[in-house]
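Enquirer: Here is the input, now give the coordinates:
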Amino acid sequence: MAKSISKKAIPKKAVTKSAKTAKPGKEERSINIKYADKSAGQPELAIIFEAIKKMLLPYDKKRNLVLHMGTGGQANLVSHMPVVIEGRKKEEMWFVSALVQKGYVGFYYMPIYGNEKMKTDFSPEFMKCLKGKCCFHIKKNDPLIMKDIQKAIKLGYAAFVERGWI
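Expert: Residues are numbered from 1 along each chain as shown. Sure thing, here's the model as predicted:
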């Protein structure tokens, strides 16, 4: 009699929602990120996160992009096409992520990382949210900032397509 394998015997990494729904013969890649939603007691952050997530949805499965939804407040738009950047081979290229942090929603925007000229395309209010090289701390649901986020995703997508990264 054959032994049945319980779900506990299969590593978490091996079973993903996308792997269960993938077409036979086509492997769906997953990403490994440890994250805990930090929005407890901050309902306004959930509204901001949901608005950003809604902006990312049209890009899911567009070219090589895949929208990975984690538990709680996490969304990552990643290209799984191997690319070579400055002599380094990358198996995946992160495009945009949104993570609910304590006190803000982190909008991680990779296209701006290597393109300083992009900073002039956005409003001063949006640029005030930039902390570091590519992380924007979104603390309020401002229509102007949300418009800039949508514009950023569109411009970044065009820039990554032009470079052959997605």
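Enquirer: worst-scoring helix or strand of this protein, pLDDT-wise?
Expert: Least confident helix or strand of the chain, by mean pLDDT, DSSP states H and E, is helix 17-21 with a mean of 40.
Enquirer: continuing past the longest strand belonging to the chain, what's the next helix or strand?
Expert: Longest strand of the chain, by residue count under DSSP state E: strand 93-100. Using DSSP states H and E, the next helix or strand after strand 93-100 towards the C-terminus is strand 105-109.
Enquirer: And the next helix or strand past that following strand?
Expert: Once the chain leaves strand 105-109, the next helix or strand it forms, by DSSP H and E, is helix 124-127.
Enquirer: May I see the buried residues of that following helix?
Expert: Using 16 or more other C-beta atoms under 10 Å as the test for burial, helix 124-127 gives Phe126. Any C-beta I mention is one placed from the backbone N, CA and C, and that applies to glycine too.
Enquirer: What score does Lys13 have for pLDDT?
Expert: We have a pLDDT of 36 for Lys13.
Enquirer: Quick one: residues in contact with the lengthiest helix in the chain.
Expert: Secondary structure of the chain per DSSP state H: the longest helix is helix 143-163. The contact list for helix 143-163, computed with C-beta atoms under 8 Å, 6 or more residues apart in numbering, reads 51-52, 55-56, 59, 62-63, 79, 93, 95-96, 107, 109-112, 115, 118, 121-123, 125-126, 129, 136, 138, 166.
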